[in-house]
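**Student:** have a look at this prediction, sequence included:
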Amino acid sequence: MKPLLIAGAMAGIAFSQSFEVASIHMYPDGAPFPTGGTIGITVSPDGVAWRYARLSFCIGWAYDIPGRISGPDWIHDRYDMVAKASGPVSKDQLRVMVQTLLEERFKLKVRRETVELPVVALVVAKNGAKNLQPSTEGDPMKYEPGNGRLSFQGSLENFATILGNSPPYGVREQVVDQTGIGGLFNITLNVGDFDVNDPSFGGKYVEMQSAAFAYLSSALEKKYGLRLEHRKVPLASLVVESGNKIPREN
């Protein structure tokens, strides 16, 4: 069977509405980590906004395949995006509208595949999950890393994706949720004890990354009864076949 090509124009058959206004700002290579405010995605009834988000994360949200995006290196560059509709729309429609926006501004062409991938799985530890506090703030995901502390609000599926970030706030690998636990939660981890520049790593990134994996897995198990495991699993994924690193002007 030939791969299914997906384009925003085709998606627009189901939902013709586009955003009334949309702006995209690309962070240049080496840009400092922004301070203040929420990093990640904020969803509202009439729009969606990302701050300092990897394009791959935005694509994953739009196509509802978080953390399973492959393609050119530039899809991991970071952007701010703000898109507003003329009125309230459903979350499913917002996703399709973002697909259209990305196709128009970045000229993205993507395809879906199901492949067996080596990933890090977020799983329930032997003694079961614990201390997971349900979120009472509604649907929007919030992610605030900094000063040795990781604060998150949202689903465990999205939390797994967040754990793919660089140490000490992640393991710098693709992480997928295999807990089977639904719902939205508030999660906080203190990671200030982990020093990415510890001389015991001998300046080797792979040594530091391995230590970060063990550290985060242990912290998750101790506080929430969750842990990280390396696995190979068949997963729906999205491949970016082509596009432009620099989006069309706003």
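**Tutor:** Yes, it's here.

**Student:** every contact and neighbour count from this point should use C-alpha atoms.
**Tutor:** Fine.

**Student:** please report the distance of residue 119 from residue 136.
**Tutor:** Distance, residue 119 to residue 136, by CA to CA, to the nearest Å: 31 Å.

**Student:** out of those two, which sits in the more crowded spot?
**Tutor:** Set side by side, residue 119 and residue 136 show more neighbours around residue 119, with 19 against 10, by other CA atoms under 10 Å.

**Student:** so the more buried one versus residue 235, what's the distance?
**Tutor:** Where residue 235 is concerned, residue 119 sits at a distance of 10 Å (CA to CA).

**Student:** now swap in residue 130 and tell me
**Tutor:** 27 Å.

**Student:** likewise residue 100?
**Tutor:** Distance of residue 100 to residue 235, given as CA to CA: 24 Å.

**Student:** looking at these two, which is more packed in?
**Tutor:** Applying other CA under 10 Å to residue 100 and residue 235 shows that residue 100 carries more neighbours, namely 26 against 16.

**Student:** pretty sure that one is in a strand, no?
**Tutor:** No - counting by DSSP: H, G, I helix; E, B strand; the rest coil, residue 100 is not found in a strand; it is helix.

**Student:** quick one: residues contacting residue 173.
**Tutor:** 119, 120, 164, 165 (CA atoms under 8 Å, 6 or more residues apart in numbering).

**Student:** who wins on neighbours among these?
**Tutor:** Most surrounded of those: other CA under 10 Å gives residue 120, at 25 neighbours.

**Student:** what pairs with the helix or strand where it lies, parallel or antiparallel?
**Tutor:** If you go by DSSP states H and E, residue 120 is part of strand 109-124. In the sheet, strand 109-124 lines up against strand 4-6 (antiparallel), strand 175-177 (parallel), strand 226-242 (antiparallel) (DSSP bridges).
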